[in-house]
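K.L.:
predicted model follows, preceded by the sequence.
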Amino acid sequence: MQDNKDIKGRLIVFEGLDGAGKSTQNFLLKRFLESQKIKVFLSEWNSSPMVKSATRRGKKKRLLTPTTFSLVHSADFTTRYVREIYPLLQAGFVVICDRYAYTAFARDVVRGCDREWVRNLYSFAIKPHISFYCRVPLETAVRRILSGRAKLKYFEAGMDMGLSDDIEESFGLFQERVFQEYERIAGENDFEIIDASLPINEQQEMARKIVKEKIDLPSFHQRSKR
Ligand SMILES: Nc1ncnc2c1ncn2[C@@H]1O[C@H](COP(=O)(O)OP(=O)(O)OP(=O)(O)O)[C@@H](O)[C@H]1O
Ligand SMILES: [Mg+2]
């Protein structure tokens, strides 16, 4: 990944297992920053309208091999990076990403893609100023997903990997592997680890404290000229 020193804005990313509580936390952080009159933008994984319809078709027909799945996600990311993330960082925004390249580093490698190959797909992206890793025991994450979701989806549960015919069991086995890969990535990068089994407000307090320590927030005030 690219050095982030010369960029005007600040990049904060949230990583962690499905159900760890990333979206809950980054939504609250965004609201907090907005309340401080900070220029802030939130970008979510797999949300580019350009790539969405192709992904939907591929998923529906279960056509995605690990390589095409990986390429689809990198196309989504690249589109958002070029159109939103990078220009807004250059314009001095605080950009929050709900999942970043590390998600691909974890999931795609578990699906069998080569570690270096996946890292190369994202080599143009800047290193975040803060990477929050919402670390939660596997069982907690799985319970949160299963309680909030009517039905697991095929790829989300890693059914393409043939780990089990039972979708819930497959999900657990897949997530276990993703967890191991995240732990490895966390060891290689300076992640800010958030204990995601704590109550929502306690985690949010920790996240805000770290943001205030690492980012000079007043200089990102909407009216300030930098
Ligand atoms: N600290 C917490 N304690 C208990 N429940 C929580 C906590 N944080 C989030 N939840 C609940 O767990 C579920 C998953 O949370 P959330 O959607 O924020 O996770 P996520 O990491 O964004 O998941 P995904 O990767 O699937 O998008 C939601 O129902 C949310 O309300
Ligand atoms: Mg989410």
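P.N.:
Thanks, I have it. Every value quoted in this text rests on a predicted model; they were computed, and no experiment measured them. Ligands and ions are numbered 1, 2, ... in the order given.
K.L.:
quick one: is the helix or strand where residue 97 lies near ligand 1?
P.N.:
For residue 97, the element it lies in under DSSP states H and E is strand 94-98. No: Strand 94-98 does not reach ligand 1 (CB under 6 Å from any ligand atom); its nearest approach is 6.7 Å. To be clear about C-beta, it is placed using only N, CA and C from the backbone, and glycine gets the same treatment.
K.L.:
that strand: partners in the sheet, and parallel or antiparallel?
P.N.:
Using DSSP bridges, the strands paired with strand 94-98 in its sheet are strand 10-15 (parallel), strand 40-44 (parallel).
K.L.:
what does the longest one contact?
P.N.:
In other words, strand 10-15. 4, 22-23, 25-26, 29, 85, 89, 94-100, 102-103, 106, 126, 128-134, 182, 191, 211, 215, 220 (CB atoms under 8 Å, 6 or more residues apart in numbering).
K.L.:
just the buried members of those residues?
P.N.:
22-23, 25-26, 29, 85, 89, 94-100, 102-103, 106, 126, 128-134, 182, 191, 211, 215, 220 (16 or more other CB atoms under 10 Å).
K.L.:
now do the contacts for the most centrally placed residue in the chain.
P.N.:
Nearest to the geometric centre of the chain sits residue 99, at 0.8 Å (CA atoms, centre = their mean). Neighbouring residues of residue 99 by CB under 8 Å, 6+ apart: 13-15, 22, 44-46.
K.L.:
top of these by number of neighbours, please.
P.N.:
The most crowded member of the contacts of residue 99, judged by other CB atoms under 10 Å, is residue 14 (31 neighbours).
K.L.:
using CSV, write out every CA atom in the strand holding residue 97.
P.N.:
C-alpha atoms of strand 94-98 as CSV (Å, rounded to 0.1, in the frame of the first residue of the first chain):
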residue,chain,number,x,y,z
VAL,A,94,-12.0,12.5,6.9
VAL,A,95,-13.0,9.4,4.9
ILE,A,96,-14.3,6.4,6.8
CYS,A,97,-14.3,3.0,5.1
ASP,A,98,-16.6,0.2,6.3
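K.L.:
now for the next helix or strand after it, which elements pack on it?
P.N.:
Downstream of strand 94-98, the first helix or strand assigned by DSSP H and E is helix 101-110. If you count contacts as 3 or more CB pairs under 8 Å, 6 or more residues apart in numbering; DSSP states H and E, helix 101-110 packs onto strand 10-15, helix 66-80, helix 115-121, helix 167-188.
K.L.:
what's the most buried one of the ones you listed?
P.N.:
Among the helices and strands packed on helix 101-110, strand 10-15 has the highest mean neighbour count (mean count of other CB atoms under 10 Å), at a mean of 26.
K.L.:
so, in contact with ligand 1 or not, that strand?
P.N.:
No: for strand 10-15, no contact with ligand 1 is found by CB under 6 Å from any ligand atom; the gap never falls below 7.6 Å.
K.L.:
equivalent analysis for stretch 161-173, please.
P.N.:
No: using CB under 6 Å from any ligand atom, we find that stretch 161-173 stays clear of ligand 1, coming within 11.1 Å at best.
K.L.:
quick one: contacts of that stretch?
P.N.:
Here stretch 161-173 makes contact (CB under 8 Å, 6+ apart) with 110-111, 138, 142, 145-146, 152, 154, 156-159, 174.
K.L.:
give me the helices and strands touching the one helix or strand in the chain whose mean pLDDT sits lowest, please.
P.N.:
Lowest mean confidence among the helices and strands of the chain (mean pLDDT, DSSP states H and E): helix 49-60, at a mean of 87. Packing partners of helix 49-60 (3+ CB pairs under 8 Å, 6+ apart): helix 66-80.
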